[in-house]
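> Fold the following and give me the result.
(chains A, B and C)
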Amino acid sequence: MRRPSPDPRGSGGPGVLTWCCAAVCLLVLSVALLGPLLASGSPTEQVGPPLAAPGAGHPLGTDVLGRDVAARVLHGGWVVLVLAVGATTLATLLGAGGGLWLGLAAEHGGEWVMRAVDVLAVFPPLLLMLLLATGAPDSDAAVLVAVGLAATPFSLRVVRAATRRVAATGYVVTARARGDGWPAVVRHDVLPNVAGTVLADAGIRFVAAVHLTATAGFLGLGRGAPSANWGRMIRENLPGAPLNPLPVLVPAALLAAFAVAVNLLADRLAEHLADPDITRSGA
Amino acid sequence: MTWGPFLLRRVVAFVPSLAALSVLVFGATELLPGDAVSAVAGPSATEAERAAVRERLGLDRDPVTRYLEWAGGALRGDLGTGYTGGRSVTELIADRLPNSLLLAGLALAVALPASVALGLLAGARAGRRADRAVSTGVLLVAGLPEFVLAALLLWLLAARTGLLPQVSLVPLGGTPLDAPEILVLPVLTLAVSGVAVGTRLVRSASAEVAASPWVEAARLRGITGPRLAARHVLPGALAPAAQALGLMTGALVGGAVVVETVFGYPGIGLELQQAVAHRDIPLVQGIALVLCAVTLATVLLADVAARALDPRRGSPR
Amino acid sequence: MSVPTTATALAEVDDLVVTRRTDGEPVLDGVSLTLRAGEVLAMVGRSGSGKTTLALSLLGRVREGLTPRSGTVRVAGLDPFTSEGRSRVRRRLVGFLGQDPASALNPARRLGSTLHEAAALTAPRGRGAAGRAERERRVRAALTEMDLPTDPGFLRRYPHQVSGGQAQRVALAVATIGEPRLLVLDEPTSGLDPSLAEDLAARLSARHRRAGGAMLLVSHDRLLTETLADRTLGIEGGRLGPPRRPAPSRRPPPRRRAEPASSGAPLLELAHLRATHGRHVAVEGVSLTVAAGGCTALVGPSGAGKSTVARCLLGLHGSWSGELRLAGSALPTDFRRRTGEQRRALQLVAQDSVGALNPRESVRGALLRPLAASGNGSEEEAARLLERVGLSPALLGRLPHDLSGGERQRVNLARALAARPRVLLCDEVTSALDGETRDAVLELLRELRHAQGLGVLLITHDWEVRATADQVVTLVDGRMVDAEREAAEDGASR
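Below you'll find the model as predicted:
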C-alpha cells in the first residue's frame, strides 16, 4: 500500500517556517529597541538635500525633508513596538480580569455588562483611536489606551467563554459542591485551564495592536511631527517614492516582516495551546 | 421565533446601541483635555479672544446640555457646523458617504466570492496541502497592516510603473465613476485585506463542518470533491461565517479609513482623518456617529443573513 | 447486481496492518477476516481495540492520523483503497451507519435532497425523466419501508423539524436506499435513548429478514448483537480472537440484600422536589430515598431532569424547593449554607465526558485537595485511596489524559471517597465506558456499598446499569413515572 515510514509532518516540533518567523521577529525587535543606541546621527536634523539617493554617510539616503533615513529608521521603531506591547498588556489584564469575573461570579449583572461589551466590540478600533486622539492630541498615551481599550472587549469575550466552559465542567462542580472556595477553585482548576486561552488571545491581540499603533503613526496620531516613527515615515515619504523609494520601503518592509511574522507565530501559538485538548480522544 | 419578532427585536436593540455609542463619541472628544478653543483661536490668542471663541462655540455650557442638543440635532438630521470652512456637517457627509459606500461595495463584491471559494477550498480539506497553502498565504496577507499593503501596491503599480494614478482625483462635480481608474488601487487594497479576513472565517467554519458526522457520512456514501464541498460543507458553513464577518465589520471600517487616506480618495474616511488633524470637533463627531451607525447596520445585516442561511433558526418547528 | 464475485465471500480482509502515523504503533495488527454474503458478523471489544478501524477499512477509510501499512482488503473483489474501487464500494456495495445514526443527516439540508442524492448515487445513471422517476420510486420505497410519510411536505423538512425517531429512520433509509450488499454498523445504538435503540434494532432485523444482505456489526449492545448476529468475533489490541467470555446476559445480577434494610430511616430522603430554570419548571414532585448500603437508580431519557435533581441534592441549583434529610437531619437547599461536614457527606461522581477530572491536575493533586480539606492530606492516604478503587499508587503522578477511561472513572471515584462521603451521587458514570469496564466500575460501587454502608444514587439512562439498583425512580419530563409499579415489580421479583 503506502510507504511504511511514520509521517514526519505529524504533530512534531515547530517547523522551519516557525523558526524563520521567530528569527525575523528577533531581528526587527533588535533594530527597533537597540536602534536608538546604535544610530550615530540625529533623526530630526536636516543633513542634506531632500530625497537624495544613498551615498557616503547616508546609507539609505535622505527623506523628504533631507533627514538621514538610516537614523530615522533606527529611532522610529521602538514607539510602535512599545505602544503595542503596552496596549496588549492593558487589554490582556482588563480582558482576563473581567472575563474571569464575568465567567465565574456575575450571574445577573453579568448579562448587562456583556450587552455593553457587545456594543463596545462593534465600535471600530481605528475610530476609537481617532476620537481619543482628537480629545488628547499629540499623546502617545492616548494611542496606547485607545488600542488597549479597542482590544479589551474581544479579549474579555474569549476569556469569559473559556472560563464558563471550565466552570461548567465536572471537576469544578465537584470542587464547589465539596466546599472548596472560589479562590482555591480559581487557583487549581480555572487558571491552569484558562491560561492557554489567555496566552493565545494575547498573541492575537498583539498582532492587532501592532497594526493599530503602526497605523496611528501613519495617520499622524501620537507624539508630534519631528519625531521618527515607521508608520509616519511611510506617510511623509510616499509622494517622494519615485525619487528615493527607500524611506518608504525600509520601514514598510520592517513593519510588514514583523507583522507577518508575529501573525504566523501567534497562529502557531494558538494552535499549539489548543492542541492537547483536541487530541485527547479515545480510539 | 419567526422573522417578524426577530427583526423587530434587532431593530429595537439598534437604537440603544447607537445611543450608547453616541455618548461614547461625544464623551471621548469633549471631555478629554484636547481643547477645541486653541485649535480654533490659534496658539497665540489672548485670554479674551479665547473666551469669545468659547462662547461663540457654546463651549461654556455644561456637557450634558450640549450632548442633548447635539443628539437632538442629529435626530433631526442636523449635525452642526464644522469649525474649518464653516460647512454643514450633514451636507459634507451626504456629499462624501456615497463615495465611501461605492468603494466598500466594490471591494465586498470582489472579496466575498473570493473568500468563500478560498475558504471552502481550504476548510473542506483541512490539514491537507491545499489548506496549508491557502492558510499560510492568508496569514501572510492578514499580517500586513492596510497602509503598508496600500503603500506597497502604490509603489509597485503607480509610482514605479505609472500604470495607475497615485492619487484618486475626482473630476470637479463628478463621482469616482467618472474616472474608474482611480478606483482600482483602493478597491484592490481593501479587497485583498478583506479576502484575508474572510477566507480565515470561512475556512474555520468549513473545517468545523467538514469534521462533522454528517459530512463523514456523505464521504462514506462515496461523495467527494467539489460536490462534497458545495453541497455538504458549504450550507452549514455560511451562517457562522456570515455572523463572524459581521463582528469583523469594525476592523474593515478602519481599513476603509486608512485606504482612503493613502490614496486621497474623497470619501468619509479621508474627511474624518483630516478633521482629526484639524481638531474640527463637530465634523469628527458627526462622521464618527455615521460610521457607528453604518457599522451597527452591517452587523445587523450580517445577523439577518446568518439567520436566513441557517435553516435551524429561520424556520418554525 | 452485476458485480462478479466468488460464490460466498463478500468481503475479505487479509493480514491488514494499520498504524498510527506519529509513533508507528499498530491499531490493527495483522487482521484477517472473511464475511460471507448475507452473513451478520458482530464484533465486540473494548474502546481502543481497533474495531472501528477494521469496520471503516471495508469502506477504504482510515481516520486522520492512521495509515494502512500492509495487507489487503477486498469487497466483492474490489480494493476500497484504490480510487475507482473506493467510489464503487462506497456508492454501490457498502452502506454505513455510525454512532447516533440521526447525526448522519446534514442539518442544513432538506431530508428530500439528502434522500434524492443518495438515490442518485446508487441508481444506474439516468439523466432524463426515466432516471428521475426511478429515483423517486426508490425514495418512496425506502420511506415506506421505514414507516415514514412520503408526502412532499415531509421531504421539504429539515432534520431538526422531525422527531428523533423519524430522523434516525431517515438516516437508515439513506444508508440502505441502494440495497447495499453489506451494511457496516459502528456502535449504532450507543448513547441512544432506550426507545430509539430498540426501534433501530427492530428495523435492522426486519430489514435483514426482508432483504438479506451481510452486516458487520460493531457494538457492545448485547440486545443488538444477540438478535442480529450469526457469529461473534472479539477484537483486542488490534487482533481478532474468539469473543471474550460471552457476556453473561441481561438478567440483573443477583441482588445481595445483605444489609439489614430494617435500620429504620433511610440515609438520604428527598421529598417534593420542585426545581425551576427561570420561569420553566424543570422538575416537579420528585421524592426518593437512598438507604445506607443501598443503591437507588434515577433513570429516564436524556433531558428528563435527572442531572437537575443531582444539582439540587448538592445544593448547586439556584432555585428549588423540597425537603432534604440526611440521616434524619435537614439539609439546607443552598450548599453555601451547609456545614463542611454536610457538604462532604454528599459527593458527586460526574460523567467522564463532561471533564470530571481537571486535565491539568495530576491524580495526586486531585486527591490531595479533598483529603487536605477533611484533615488528612498525606501522600500515603492518597495512595491508599487509589488501592481501594483498584488502582496502582504508581498512577499518582499521571495526568488524566494518560489514563484509560476506566482508570479515570476510578480516580474520579477515589476523589469522591477522599471527602469521606456517606452518599455518592453517580451521574452517568458508566456512559462513556465499554461493557467490561462498566461492569467492573459497577462491581466496585457494589463493594463500597457493602463494605462501608455507603449510599449510592445512580443517575443513568442505561437500562442495564439500573439492574444493580435496589430502588428505581423513573423521570420523564421532570415528573416521576410509575414509581409505584416499578416498586411493586421490584418487590415481586425478590
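
> Chain A contacts on the stretch 251-400 of chain C?
C:311, C:314-316, C:335, C:338, C:340, C:343-344, C:346-352, C:354-361, C:365-366, C:369-370, C:373 (C-beta under 8 Å from any C-beta of the partner chain). To be clear about C-beta, it is placed using only N, CA and C from the backbone, and glycine gets the same treatment.

> buried subset of these?
Among those, those that count as buried by neighbour count (16 or more other C-beta atoms under 10 Å in any protein chain shown) are C:311, C:314-316, C:335, C:338, C:343-344, C:346-352, C:355-361, C:365-366, C:369-370, C:373.

> contacting residues for the residue nearest to residue C:148 when sequence neighbours are not counted?
Spatial nearest neighbour of residue C:148, chain neighbours left out: residue C:169 (5.7 Å); criterion: C-beta to C-beta, 6 or more residues apart in numbering or on different chains. By C-beta atoms under 8 Å, 6 or more residues apart in numbering or on different chains, the contact set of residue C:169 is C:146-148, C:199, C:203.

> And the strands in the stretch 101-250 of chain C?
All strands of the stretch 101-250 of chain C, identified by DSSP state E, counting those that start in this stretch, fall at C:182-186, C:214-218, C:231-236, C:239-241.

> Tell me where the chain is predicted with low confidence.
Unless you meant another one, I'm taking chain A. A:1-14, A:106-109, A:224-225, A:274-283 (pLDDT under 70).

> think we crossed wires, I meant chain C
Short version for chain C, where the test is pLDDT under 70: C:1-7, C:124-127, C:191, C:243-265, C:352-354, C:432, C:463, C:482-494.

> and the closest residue to chain A within it, what is it in contact with?
At 3.0 Å from chain A, residue C:350 is the closest residue in chain C, using C-beta to the nearest C-beta. When contacts are counted by C-beta under 8 Å, 6+ apart, residue C:350 touches A:170-171, A:173-174, C:356, C:412, C:427, C:429.

> Could you tell me which residues of chain C lie near chain B?
So far as C-beta under 8 Å from any C-beta goes, chain C lies against chain B at C:56, C:59, C:61, C:64, C:86-91, C:96, C:98-100, C:103-110, C:117-118, C:121, C:158, C:160-161, C:171, C:174-175.

> among the residues you listed, which ones are buried?
So, by 16+ other C-beta under 10 Å, the buried ones in the residues of chain C next to chain B are C:56, C:59, C:61, C:86-91, C:96, C:98-100, C:103-110, C:117-118, C:121, C:158, C:161, C:171, C:174-175.

> just checking, which of these belong to helices?
Within these, residues falling in helices by DSSP state H are C:56, C:86-88, C:117-118, C:121, C:171, C:174-175.

> Would you check which pair of these lies furthest apart?
Distance extremes for these: the farthest pair is C:88 and C:171 at 22.5 Å, using C-beta to C-beta.

> for residue C:282, helix, strand, or coil?
strand (DSSP: H, G, I helix; E, B strand; the rest coil).

> same deal with the one 4 residues further on?
Per three-state DSSP, the local secondary structure of residue C:286 is strand.

> quick one, what contacts the spatially closest residue to it that is not a sequence neighbour?
Closest residue in space to residue C:286, ignoring its immediate chain neighbours: residue C:273 at 4.2 Å, by C-beta to C-beta, 6+ apart. Each residue near residue C:273 by C-beta under 8 Å, 6+ apart is listed here: C:283-287, C:309, C:312, C:320-322.

> Next, residue C:273: phi, psi?
Dihedral angles of residue C:273 (phi, psi; degrees, to the nearest 10) stand at phi -70, psi 130.

> got it, and residue A:65?
Per degrees, to the nearest 10, the backbone of residue A:65 is at phi -110, psi 10.

> neighbours of it, just the number please.
By other C-beta atoms under 10 Å in any protein chain shown, 15 other residues sit near residue A:65.

> The one 3 residues further on too?
Close neighbours of residue A:68, defined as other C-beta under 10 Å, add up to 27.

> cool, residue A:96 as well?
Using other C-beta under 10 Å: residue A:96 sits among 25 other residues.

> show me the contacts for whichever residue of the stretch 51-200 of chain B sits closest to chain C.
Nearest residue of the stretch 51-200 of chain B to chain C (C-beta to the nearest C-beta) works out as residue B:127 at 7.0 Å. Counting by C-beta under 8 Å, 6+ apart, residue B:127 touches residue C:64.

> tell me the secondary structure for it?
Going by three-state DSSP: residue B:127 is coil.

> Equivalent analysis for residue B:141, please.
Residue B:141 - assigned by three-state DSSP - is helix.

> Go ahead and build a ChimeraX selection from the buried members of the contacts of residue C:273.
To isolate the buried members of the contacts of residue C:273 in ChimeraX, using 16+ other C-beta under 10 Å:
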select /C:283,284,286,309,312,320,322
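
> Does residue A:22 touch residue A:266 like I think?
No - taking contacts as C-beta atoms under 8 Å, residue A:22 lies outside contact range of residue A:266: 11.9 Å.

> These two: which is more packed in?
Taking neighbours as other C-beta under 10 Å, residue A:22 and residue A:266 compare with residue A:266 leading, 23 against 15.

> How far off centre is the helix or strand containing residue A:257?
In this assignment (DSSP states H and E), residue A:257 forms part of helix A:246-279. Put simply, helix A:246-279 sits 9 Å off its chain's centre (C-alpha atoms, centre = their mean, to the nearest Å).

> My assumption is that residue C:72 lies in a strand; please confirm.
Yes - secondary structure of residue C:72 (three-state DSSP): part of a strand.

> who's it bridged to?
Under DSSP bridges, the beta-bridge partners of residue C:72 are residue C:14.

> Skipping its backbone neighbours, what lies nearest residue A:171 in space?
residue C:358 (4.4 Å).

> cool, and residue A:258?
Here the residue nearest residue A:258, using C-beta to C-beta, 6+ apart, is residue A:28, at 4.1 Å.

> Ok, residue B:299 next?
Nearest to residue B:299 is residue B:246, by C-beta to C-beta, 6+ apart, at 4.5 Å.

> so which strand or helix has that neighbour?
Following DSSP H and E, one finds residue B:246 within helix B:234-247.
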